[in-house]
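**Q** here is a sequence with its predicted model. Questions after.
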Amino acid sequence: MNTSAVESRYYEVVNGRYRCLLCPNFCVIQKGSRGRCGTRRAGPDILQAVNYGQVSSLNIDPMEKKPLYHYHPGEEVLSVGSLGCNLSCDHCQNHTISQTKIGERDTVFMEPEKLRDLCRSKGIRNLAFTYNEPTIWQEYVVDVLRGQDDLHGILVTNGYVNLPPLQELCEVIKGMNIDIKGFSYEFYRNTCHAALAPVLEAARFVYSRGIHLELTYLVIPGRNDDPDEITQFCEWVTTELGLNVPVHFTRFHPDYLMMDVPDTPLETLAAARDIAYGEGLEYVYIGNAPVHVDSHTYCPSCGEMIVNRRGYETKVLKMDDGHCQICGKRLDIIL
Ligand code: SF4
């Protein structure tokens with residue numbers, strides 16, 4: 001028995017069984033069983049969130065590692081994760097925790113206050129819920145951050161979450177990176193065993209709420225790297241979100257069930273970046289790449305270098321009060 005379990009905030013009872021309303025899987029869970037993510041367990045009277053406060057991983061990272069390039073650049077972030085995921089991607093780079101259920105591996109219980117105190121005691125104002133899927137940690141994330149205006153909550157998420165719980169998360173979260181894992185129904189179905197449409201809906205919702213949003217697209221050779229697919233993705237960002245949303249094309253390395261696929265060639269990533277710029281996106285980055293690959297931020301108007309990055313060394317250069325020092329364009333970077 002997990003003594004820290006709390007009642008899930010998003011479920012209904014249907015014919016004596018629980019239907020979880022947290023994510024688009026809408027698991028129907030029989031008493032004594034768990035949903036697909038392993039974090040929701042049907043108790044005798046309630047659906048429990050058994051992952052509440054259960055921490056598997058805790059580190060101090062540079063913000064750029066999330067990746068968030070336009071939110072508090074160069075600052076440290078306390079990163080915390082648990083166990084479980086509502087997706088099961090064949091290429092998951094965190095599968096040792098994402099595909100492990102609560103109870104199958106050691107975790108440490110941290111009261112919300114303890115996590116907040118730890119963050120403050122380190123002199124860090126950024127707190128990221130990351131490593132495994134944080135939206136299935138919904139109750140804990142909200143409890144940690146509610147009313148804590150000095151802490152800047154970050155989610156690094158697959159965006160596979162229903163809108164009512166996402167809305168509650170958006171009330172406490174300041175920045176988000178959402179993975180767009182591919183831009184086809186087939187890729188999501190065959191590789192992630194999920195659907196694309198709810199992720200796009202979630203991203204639209206987050207953007208519409210004014211939460212700082214960046215997107216990550218992990219480019220996998222032969223799977224989601226077709227130029228037409230990348231173009232459709234970029235068109236969607238420009239039309240449904242905005243030109244100012246930073247997009248990270250990141251490099252795939254063989255992992256988990258996808259060991260037979262090679263690393264993404266740098267040329268493929270560069271081609272994706274060119275497509276994105278061609279579609280009008282203003283901030284496009286290549287990630288998981290060697291340090292010599294350009295990851296600076298340039299003013300989209302005059303081309304001046306605004307943020308210099310080398311590895312995880314970050315220097316903000318020519319920005320005043322949110323604007324380019326040279327041409328005055330408003331930049332979408334939050335210091
Ligand atoms: S959050 Fe978990 S239990 Fe609920 S619907 Fe999603 S996968 Fe199923």
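**A** It's in.
**Q** which parts of the stretch 51-200 of the chain sit against the ligand?
**A** Applying C-beta under 6 Å from any ligand atom, one finds that the stretch 51-200 of the chain approaches the ligand through Asn86, Ile136. In this view, the C-beta of every residue, glycine as well, is placed from N, C-alpha and C.
**Q** what residue in the stretch 51-200 of the chain comes nearest to the ligand?
**A** Asn86 (3.8 Å; C-beta to the nearest ligand atom).
**Q** name all residues that make contact with that residue.
**A** Asn86 sits next to Leu22, Cys23, Asn25, Arg36, Cys37, Glu133, Thr135, Ile136, Asn158, Tyr160, Ala194 when contact means C-beta atoms under 8 Å, 6 or more residues apart in numbering.
**Q** out of those residues, name the ones that lie in strands.
**A** Assignment to strands by DSSP state E places none of the contacts of Asn86 there.
**Q** and the nearest residue to Lys329 once chain neighbours are set aside, how close does it get to Leu331?
**A** The shortest distance from Lys329 to any non-neighbouring residue, by C-beta to C-beta, 6 or more residues apart in numbering, is to Ser301 (3.9 Å). Ser301 sits 9 Å away from Leu331, going by C-beta to C-beta, to the nearest Å.
**Q** between the two, tell me which one has more neighbours.
**A** Leu331 (25 against 14; other C-beta atoms under 10 Å).
**Q** pLDDT at the more buried one, what is it?
**A** pLDDT, Leu331: 95.
**Q** so it sits against Asp320, correct?
**A** No - between Leu331 and Asp320 no contact is recorded; they are 9.8 Å apart, counting by C-beta atoms under 8 Å.
**Q** in contact with the residue of the chain found nearest the ligand, which residues?
**A** Nearest to the ligand, among the residues of the chain, is Gly35, at 2.1 Å (C-beta to the nearest ligand atom). By C-beta under 8 Å, 6+ apart, the contact set of Gly35 is Cys20, Asn25, Cys27, Ile29.
**Q** tell me which two of those sit farthest apart.
**A** The largest separation in these, counting by C-beta to C-beta, is between Asn25 and Ile29 at 10.6 Å.
**Q** give me phi/psi at Glu240?
**A** phi -100, psi -20 (degrees, to the nearest 10).
**Q** same question, the one 3 residues further on
**A** Geometry field for Leu243 lists phi and psi as phi -60, psi -20, criterion degrees, to the nearest 10.
**Q** shaky segments in the chain?
**A** The chain contains residues with pLDDT under 70 at 1-3.
**Q** could you list the domains of it?
**A** 6-49, 54-295 (automatic domain parsing).
**Q** can you redo those as JSON lines with distance to Arg309?
**A** Converted to JSON lines, those look like this (distance: least, C-beta to C-beta, whole Å):
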{"stretch": "domain 6-49", "distance to Arg309": "34"}
{"stretch": "domain 54-295", "distance to Arg309": "5"}
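**Q** so which of those comes closest to Gln325?
**A** Nearest to Gln325, of all the domains of the chain, is domain 54-295, at 15.6 Å by C-beta to C-beta.
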